[in-house]
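Next input, structure requested:
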Amino acid sequence: MSSQNFLLQNIVYIFTILGVVAAITVYIWNSLEVKKQRRIDNIERYIKMHAKIFAKDSYPVRNVAAMEKGTFERERNNEEMELLLNRFLSDIEHLALLQNACAVPQQLNAYMVGWFAKHIYPILTDREKAEPYWLLATEFLRQAKVESETIDKMKLEDFVIYLKKMC
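Numbering: from 1, shown residues only. Predicted coordinates:
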C-alpha cells in the first residue's frame, strides 16, 4: 500500500471518529435539553393543577378561615361541601401522580399543600383512608402532612436549605 493511500485512509478514519464524537455530543445535548423541557412542562402542569385545587370556590379556600381559627370541621350533612371535598381529593390525585412519576419532589408538595393537608387529612374517615380508589390522594395528603410537620419544626436557616434542595 502506498503512503498516499495510507494517509488518505487515516484521514477517513479521523473524520469518521470526529463524526461519531459529534453525533454522540449532539445526542447527549439533546437528551439534556429534553429532560430540562420535561421538567418545565411538569412544573407547568403542577402549577395549573395547584391553581385549580386552590381556586376561589374550592374546598380548601372555602374552609381556610375556619382552619386558621381552629374551628374547621367536616360537615358530612352538607352535600355541597362533600362534593367539593371529593373534587379536592380527585384533584389531589393529579398532584400525587406527578410526585409518584418523579415530576415534582415531595418537598414541593409539602411546601405548597402541607398546611392544608394538616387540616384536611385528619377529617377523612378511616374508610376513606383505606379505600383503594382514594389511596393516591389520602397517602399524598398523609405524606404532605408529615413532611409539613417536619417543616414546622425547622429553623429558618434550615428551611431555606430545605427549599433549595427542591431543585
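
any idea which helix or strand carries the spatially closest residue to Ile123 that is not a sequence neighbour?
In this structure, Ile123 finds its nearest non-sequential neighbour in Arg74, 4.1 Å apart by Cβ to Cβ, 6 or more residues apart in numbering. From N, CA and C alone the C-beta is placed, and that goes for glycine too. Assigned by DSSP states H and E, Arg74 belongs to no helix or strand.

go on, Gln143?
Using DSSP H and E, Gln143 sits within helix 135-152.

how about that helix: buried residues?
Using 16 or more other Cβ atoms under 10 Å as the test for burial, helix 135-152 gives 136-138, 140-141, 143-148, 151.

What's the mean pLDDT across it?
Summarised as a single mean, pLDDT over helix 135-152 is 93.

any residues touching that helix, and which ones?
Residues from elsewhere that reach helix 135-152 (Cβ atoms under 8 Å, 6 or more residues apart in numbering): 89-90, 92-93, 95-97, 99-100, 106-107, 109-111, 113-115, 117-118, 120-121, 124, 128-129, 131, 159, 162.

Show me which of those are buried.
If you count burial by 16+ other Cβ under 10 Å, the buried members of the contacts of helix 135-152 come out as 89, 92-93, 95-96, 99, 106-107, 109-111, 113-115, 117-118, 120-121, 124, 128, 162.
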